[in-house]
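Visitor: After the sequence you'll find the predicted model.
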Amino acid sequence: MMRTFIIPLAIIVVFSFGAMTLMATAPELVPTSTKPVPITVRIREVKPEVVQLVVHSQGSVMPSTESQLIPEVSGRITWMSPKLVAGGFFNEGEILARVDETDYRNIKDRAQATLARAEAEQQHARFEYKRLVSLAERKLTSRSMLENSLRARRVADATLQDARVNYEQAQQNLQRTEITAPFTGLVRTKHVDIGQFISRGSVIATLYASDLVEVRLPIADRQLAFLNLPPTLRGELPEELQPNVTLRTEYAGQQLVWHGKIVRTEAEIDISSRMVHLVARVPNTSSATPLTVGLFVEAEIEGRLAENIVVLPRSALRNNSQVLIVDAEDKLRFRPIEQLRLYQDNVLVKGGLNAGDRVCLSPLQTAIDGMVVNPIIEDA
């Protein structure tokens, strides 16, 4: 019985003594503070510069002049130019079609005969009037005969004038049987063919000029602030205020470029899109590759020059209106800025930054004001 209690008690005493000995001889732990390692960030020194602003748009090429070819006389078409087909090229004044001239030639000949008879009658009336005036001065004829002769002379003068007008009209109608091109250009569509009877005022074809082409470019009203355009001006722009525009497209596997001018603004704002349309005009005669009507192009419009602008990548922008500045002690500081515009992958800053400021470019998940960093300068 005594043995059952003594053995466990001895074991407990031995283990307790061992534990106390270990605790008494254990080394004392002294707490130490660790110095945090600064995060490495990319920075860029602020250098204000002059920036040429650019506005982008796109549109389709259209002719500057387009009209319908309409005959001024009626008749049957007896001849058509082989160029009077869709896509056919013609020069100004070139004959495109002929109307049967038989009737108009006959009318012209009759008008010429009527004119000759009127001239003869007018000459006779004038001679007769002079003769009666001479007789009246010698009191050898009556007053009534002189007045009748004067009336006959006036009627002959009016008849001659009417005959001359009819003859000139007949000549013009005969000339109009040849339908000529009003300008140099191309045929868009043809509506008649040889042998067909056409009436005066009917449409033969639709033509457009090829010397100049235009492109309507929609621009948001807020983008107009980047262009050097008078805010209230509508219609044709003065030549000194016409911005340069560059048109680009890919056609037949090639990158093509044309240069032109913004020549006018349209007076209305599109109701659905709230866009203002600018019209670019491009000379199409001197270009090695002429602009094709209907071609879709991208436009780059040269805007105004902006001074004291800081160009930063979009990654430097925080909370849409702030950037992180690394101060002289390599600490992060939030700085509010004034944006001019967001352009492609950059932000253009017009206020809030000074020359020499160091802007943090690295994307930080957690940025704390006053946090120490290790800056590395990156060139623009």
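Guide: Done, it's in. Numbers count the residues shown, from 1 in each chain.
Visitor: Could you list the buried residues of the helix or strand where Leu186 lies?
Guide: Using DSSP states H and E, Leu186 sits within strand 185-190. By 16 or more other Cβ atoms under 10 Å, the buried positions in strand 185-190 come out as Gly185, Leu186, Val187, Arg188, Lys190. For glycine as for every other residue, the C-beta is placed from the backbone atoms N, C-alpha and C.
Visitor: Other residues contacting it?
Guide: 63, 65-66, 83-90, 204-211, 293 (Cβ atoms under 8 Å, 6 or more residues apart in numbering).
Visitor: let's see it at 6 Å
Guide: Leu84, Ala86, Gly88, Phe89, Ala205, Thr206, Leu207, Tyr208, Ala209, Ser210 (Cβ atoms under 6 Å, 6 or more residues apart in numbering).
Visitor: List the residues that contact the first one.
Guide: Which is Leu84. So Leu84 contacts Leu96, Lys190 (Cβ under 6 Å, 6+ apart).
Visitor: quick one: it and Val213, what's the gap?
Guide: Between Leu84 and Val213 the computed distance is 22 Å (Cβ to Cβ, to the nearest Å).
Visitor: quick check: longest helix of the protein.
Guide: When the chain is parsed with DSSP state H, its longest helix is helix 102-137.
Visitor: Report all helices and strands that the helix or strand just after that one contacts.
Guide: Downstream of helix 102-137, the next assigned helix or strand under DSSP H and E is helix 143-175. Packing partners of helix 143-175 (3 or more Cβ pairs under 6 Å, 6 or more residues apart in numbering; DSSP states H and E): helix 102-137.
Visitor: related to what we said a few turns ago, highest neighbour count among the contacts of strand 185-190?
Guide: Neighbour counts for the contacts of strand 185-190, by other Cβ atoms under 10 Å, peak at Leu207, which reaches 26 neighbours.
Visitor: Got the domain ranges for this structure?
Guide: Following automatic domain parsing, one gets these domains for the chain: 42-51+307-377, 101-176.
Visitor: any chance of the ones you listed in TSV, plus distance to Pro218 and mean pLDDT?
Guide: Below are the domains of the chain laid out as TSV (distance: least, Cβ to Cβ, whole Å; pLDDT from 0 to 100):
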stretch	distance to Pro218	mean pLDDT
domain 42-51+307-377	18	88
domain 101-176	42	91
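Visitor: mind giving me CSV with these and columns for distance to Ile262?
Guide: Listed next are these as CSV, based on distance: least, Cβ to Cβ, whole Å:
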stretch, distance to Ile262
domain 42-51+307-377, 19
domain 101-176, 40
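Visitor: Thank you, goodbye.
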